[in-house]
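return a 3D structure for these sequence lines:
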Amino acid sequence: MTQQNTRTTLNILDSALRKQYAGMDATKRKITVREMLFAPESRMIDIDNGRKMGTNDLRFVTANALETPTKETTDLQLEIEDLRTKCEPNASDGEGSDRDSINLRQAQNIEIINSGIDPVAEYFLWLDETTFIIKKLNDGFITKEEAMMRECFLELTNQREADLMACLGLYESCKSKESETRIRFIRYKLQKLREMRTSIKFLTSDKQDVQTLRSEYDTAIPYYKYFKSLQKLPFGYDMPYEQKVKLGISHNEDEDLREGYNHYADILNEMLDQMRADDEQSISAMRRDNDKEQNVDEEKNFAGR
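Take a look at the predicted model:
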């Protein structure tokens, strides 16, 4: 079963800094994350080798880095592509136009992934995978590879949602026209990501080597058509709101995607909770050490009597 993403915002921001500044060690990254989040806009933050960056500038470039997948999510995307090839019709066939078409599609997708998926290309890759999963997992029988592809996709979207939510918070804190443009972009992308994930969870089974019913296939058809239609539209264009409501996949009203929701406050609260937990852990360790020292002193005093 796919687990909900359990990475903290600290993990996510740490990964973003590691991607941007390969020479920055773990301790320095932790300090930099705290400064980036809590420092006033006027502060210049030390990055590396005497290089400094303004607080808002660092927030913006870090948010920008989070818009593209990390190595972990890129590896998941490549795994999905590998599983998809095994699920394709005529996948075991070594010749023919179907095989050539499959090879070409896989080569193109892998090239996009390995060259660093840009945010728009990533969205269309998700749509392509969503339509494939909905179709294949309702075509009569769910194979092991198809079930694994479903789970990988759900894990991928959980991770990317966490990345993009952190991204929203950082952009909000920048309060610039450029960051406002990126916020609208990400809000739409998250809305669509949730539509895809909701549809896959609702329409497909998490079991493998099982038969599917004709009624399940019929139920999946309007969802499949919905996402195929989205593939034909430029990024940012949407299907009718009533259609999404009818399908039961609308996320237009999600509170955390509404304009004015304070994602940055969520990040700060999470960071403060994490810092308090770290402090309590350190205090507990100090108390244990003090108790040990006290016990040793008492034993020495007792032995000296």
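
low-scoring stretches of the stretch 101-250 of the chain, by residue?
Under the criterion pLDDT under 70, the flagged ranges of the stretch 101-250 of the chain are 101-116.

what ranges does it have for its strands?
Under the criterion DSSP state E, counting those that start in this stretch, strands of the stretch 101-250 of the chain are mapped to 141-142, 210-211.

okay, those strands in CSV with mean neighbour count and distance to Ala22 next?
All C-beta spots, glycine's among them, are computed from the backbone N, C-alpha and C. As requested, the strands of the stretch 101-250 of the chain are exported to CSV (neighbours: other CB atoms under 10 Å; distance: least, CB to CB, whole Å):
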stretch, mean neighbour count, distance to Ala22
strand 141-142, 17, 42
strand 210-211, 10, 45
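
I'd assumed Ile200 was in contact with Ala147.
No. At 11.7 Å, Ala147 does not count as touching Ile200 under the criterion of CB atoms under 8 Å.

next, Asp46: secondary structure please.
Classification of Asp46 by DSSP: H, G, I helix; E, B strand; the rest coil places it in strand.

distance of it from Thr55?
Distance of Asp46 to Thr55, given as CB to CB, to the nearest Å: 12 Å.

equivalent analysis for Lys292, please.
When distance is defined by CB to CB, Lys292 is 42 Å away from Thr55.

between the two, which one's more packed in?
Neighbour count, other CB atoms under 10 Å: between Lys292 and Thr55, Thr55 has more, with 20 against 10.

how near is that one to Gln243?
According to CB to CB, Thr55 and Gln243 sit 43 Å apart.

name the helix or strand for Val33, please.
helix 26-38 (DSSP states H and E).

residues contacting stretch 212-230, please?
Residues from elsewhere that reach stretch 212-230 (CB atoms under 8 Å, 6 or more residues apart in numbering): 127, 130-131, 134-135, 137-142, 192, 196, 199, 203, 205, 239, 243-244, 247, 249.
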